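Participant: Dropping the sequence and predicted coords here.
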Amino acid sequence: MTLESAVTNNNSPDHEVIIIGAGVCGIYMLHRMLKLGLDVTLLEAGDGPGGTWHWNRYPGARFDSESYTYGYSFSKELLQEWSWSEHFAAQPETLSYLKYVINKFDLASHMQFDSQVKAATFDEESGYWRIDTAEGRTLTSRYLLTAIGMLSAATKPRLEGLDSFEGVSFHTYNWPETPVELKGKKVAVIGTGATGVQVIQSIAGEVGELTVFQRRPNWCAPLHNSPISDEEQTKIKASFDDIFARCMKTPGGFIHGPDRREFATVSEEDRMEFWENLYASPGFGVWLGNFRDVLTNLDANAEFSEFIANKIRGRVQDPAVAEMLIPKDHGFGSRRVPMETRYYEAYNRDNVQLVNVSETPIEKITKKGIKTSDAEYEFDIIIYATGFDAITGAFDRINITGLNGQTLRSKWDKGPLTLYGLQVAGFPNLITLAGPQGASVSTNFPPGIENAVDWTTDLIKYMGEHNYKRVEASDEAEQAWVKHVKEMYGHTLVSTTKSWFTGYNSNVEGHDILRHMVYFGGAPKYRERIAQIAANDYEGFEFA
Ligand code: NAP
């Protein structure tokens, strides 16, 4: 069906709002749109809801946010009804939680599964978006809200022979739903980011032999997960107001905020005691609750990196393996810190081997396994924990076309350009929830998206009240925001190394330049800014 035939029937779109994605963000967005009384439908590529928590079924998958800060905060009733079983809940529990939310707020009937959006085109004449799905359907809407995930475009290495392997192989994001028999098997894991670390520590004791192919090590720190006791549960449920108030104050939206002291103002003895306490505490405190200059000052960062290096040396029996596991090319916290549970101890097992593919690169995947520059390995299973075409990858995989035939892919060719990570000049009525350069992608995700969803709801309400049909970011406002986003990179050590924060991915053509993907100004400043913009009649946005 063409757009013309779709809209000339009754001159109105199929839906006022189309949301893409039934993950944490899409679920809440759908709830808010329904509450506003709008005609809305949600399209989801998967055969069920959950987004990240639907796909990432690999052993050990869990979040590093305290469970009670990962749940939605918008419903006090929901907060009291749901009881997390662990301080850092695993994937099956989070998926159950999201299904519970869908049920509670009656959202399922507005969701269409197995509906992968492959193209979205703005039609200037009608002012509607035309959405084409992979199965050949066409729908139209006034607003298009993308909740397509920041880590949902999985990338495998670009290696010769990838499809020639005769054993079982998959990316962690596509871990099969039917249980994978690991017992006694010869297994390879490629990649040691947050995902690889969780997989490795979880399967090391189960498989026959495990060979880890590591290109660059990461600085990992203990998660210290534990069950939530009844007593703790009662306390948590009585203190949600305080918990969320605290999260609202920290740059990352977690309960952990930086220690206001500068590293050099604290005596060595007190510093060591502080760091030992951080290392022994649950969650991201070791990264985000550290002295405020540990992530901005090279000297402070080097001292703390050495503290962590010594922890690794103390936990890994073979000194040569320990040294391989200690990053030498970047300081602690300048890439996302994987939180671990006896990860380093996995390398003390006789059945686990570490291969440094920076020194001996993988040359190809063979029928039987993996060939590096100095050896050939045979495997039953190859697990690619090789990460994502982060944040913009999910957009690039949809052919999104705005005004004058411009595609989003071409506009973002050298890196994303957005206004507050929420809109893009030249793409009217497209709201890029959890898009690049917003705060949700660099912070505790649920509070971040709640803010973006609430803001978007207010915007759509405002447009209804003023009888506006179209909203678009202005070029000038977009340029000013991108400039600010770039400046913020200069205030952290993140820009000193390659990671998905800086948009590098060796498995994606052209992703070998710095891309300013996330906003590092912190969630409180971001929230304040977009609230101020809304109060100023959405300054920087043009309405028609
Ligand atoms: P990632 O951090 O990008 O790590 C990918 C790993 O694969 C890196 O070790 C990378 O090496 C390696 N790699 C990629 N291509 C390779 C190749 N061609 N040859 C050899 N090695 C290759 O991806 P991820 O581990 O999936 O994590 C992504 C993000 O997801 C995390 O940072 C986190 O935000 C989120 N996550 C969260 C949790 C949690 O909450 N606990 C768990 C998992 C993931 P290089 O470092 O050399 O590039």
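Facilitator: Everything's here; your move. Numbering: from 1, shown residues only.
Participant: The ligand contacts on the stretch 401-544 of the chain?
Facilitator: Counting by CB under 6 Å from any ligand atom, the stretch 401-544 of the chain comes close to the ligand at 500, 506-507. C-beta here means a position set from N, CA and C on the backbone, and glycine is covered the same way.
Participant: Reformat those as a markdown table; add neighbour count.
Facilitator: Formatted as a markdown table, these follow (neighbours: other CB atoms under 10 Å):
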| residue | neighbour count |
| --- | --- |
| Trp500 | 23 |
| Ser506 | 13 |
| Asn507 | 16 |
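Participant: and which of the residues you listed is nearest Asp396?
Facilitator: Asn507 (13.2 Å; CB to CB).
Participant: Please verify my assumption that the closest one contacts Ala153.
Facilitator: No - counting by CB atoms under 8 Å, Asn507 stays clear of Ala153, with 10.6 Å between them.
Participant: and for these two, which residues touch both?
Facilitator: Counting by CB atoms under 8 Å, 6 or more residues apart in numbering, the contacts common to Asn507 and Ala153 are Asp389.
Participant: what's Val424 sitting at in phi/psi?
Facilitator: Backbone geometry at Val424, expressed as degrees, to the nearest 10, gives phi -130, psi 130.
Participant: residue contacts, it?
Facilitator: Counting by CB under 8 Å, 6+ apart, Val424 has contacts 402, 408, 411, 417-418, 430, 432, 435, 473, 478.
Participant: at 7 Å instead, please
Facilitator: 408, 411, 417-418, 430, 432, 473 (CB atoms under 7 Å, 6 or more residues apart in numbering).
Participant: As TSV, the residues you listed with secondary structure, pLDDT and neighbour count would be great.
Facilitator: Below are those laid out as TSV (DSSP: H, G, I helix; E, B strand; the rest coil; pLDDT from 0 to 100; neighbours: other CB atoms under 10 Å):
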residue	secondary structure	pLDDT	neighbour count
Leu408	helix	98	24
Lys411	helix	98	17
Leu417	coil	98	22
Thr418	coil	98	25
Leu430	strand	98	24
Thr432	coil	98	29
Ala473	strand	98	24
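Participant: what's the domain layout of the chain?
Facilitator: According to automatic domain parsing, the chain comprises the domains 3-153+390-543, 250-316.
Participant: winner for burial among these?
Facilitator: Greatest average neighbour count among the domains of the chain goes to domain 3-153+390-543 (a mean of 19), per mean count of other CB atoms under 10 Å.
Participant: what's the offset of it from the middle of its chain?
Facilitator: Chain-centre distance of domain 3-153+390-543: 12 Å, with CA atoms, centre = their mean, to the nearest Å.
Participant: how much space between the closest residue to the ligand within the stretch 251-400 of the chain and Asp270?
Facilitator: With CB to the nearest ligand atom, the shortest gap between the stretch 251-400 of the chain and the ligand falls at Gly387, namely 2.7 Å. Distance, Gly387 to Asp270, by CB to CB, to the nearest Å: 38 Å.
Participant: Not counting stretch 316-332 itself, show me its contacts.
Facilitator: 216-219, 301-302, 304-305, 308-309, 312-313, 344, 347-348, 354, 356, 493, 496-497.
Participant: Could you find the closest non-adjacent residue to the residue in the stretch 51-200 of the chain that the ligand sits nearest to?
Facilitator: When scored by CB to the nearest ligand atom, the stretch 51-200 of the chain has Gly193 as its residue closest to the ligand, at 2.3 Å. Using CB to CB, 6 or more residues apart in numbering and skipping the chain neighbours, the partner closest in space to Gly193 is Gly387 (5.6 Å).
Participant: and that neighbour, what is it in contact with?
Facilitator: So Gly387 contacts 155, 191, 193, 500, 505 (CB under 7 Å, 6+ apart).
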